[in-house]
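In: Mind looking at a prediction? Sequence and model below.
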Amino acid sequence: MQFTDNRVVLLERMDKARDLFFQEVEKLSVLLAAKRDPSSWTSYHDLLRQRTTENLAYEQYQKIQRELFQLIDPPAQL
């Protein structure tokens, strides 16, 4: 049953990656909603950094999802 165990582990990893992604989305949302000085390089840098972090979290989630779906066989044709 190693095959099934791999799917369970990947599903758990995918859930954690999804949760991390949503946390990063929320952080970016807070940064975007905050009032800031439009000429502030610090604010701009914070937004860029958080956007990058969010993108990396999403890419990790997608990678695990692809791994999981590769383990699932499509239904047999009739």
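Out: Ah, there it is.
In: Just list the residues touching the spatially most central residue of the chain, thanks.
Out: For the chain, the residue nearest the mean C-alpha position is residue 58 (2.7 Å; C-alpha atoms, centre = their mean). Applying C-beta atoms under 8 Å, 6 or more residues apart in numbering to residue 58 gives the contacts residue 21. For glycine as for every other residue, the C-beta is placed from the backbone atoms N, C-alpha and C.
In: can you tell me the helix or strand for it?
Out: helix 41-70 (DSSP states H and E).
In: what is the mean pLDDT for that helix?
Out: The average pLDDT for helix 41-70 rounds to 94.
In: Name the residues of it that are buried.
Out: For helix 41-70, burial by neighbour count (16 or more other C-beta atoms under 10 Å) applies to 46, 50, 53, 54, 57, 58, 60, 61, 64, 65, 68.
In: now stretch 23-40
Out: 24, 28.
In: Residues touching it, excluding its own?
Out: Taking C-beta under 8 Å, 6+ apart as the rule, stretch 23-40 contacts 43, 46, 47, 50, 51, 53, 54, 57.
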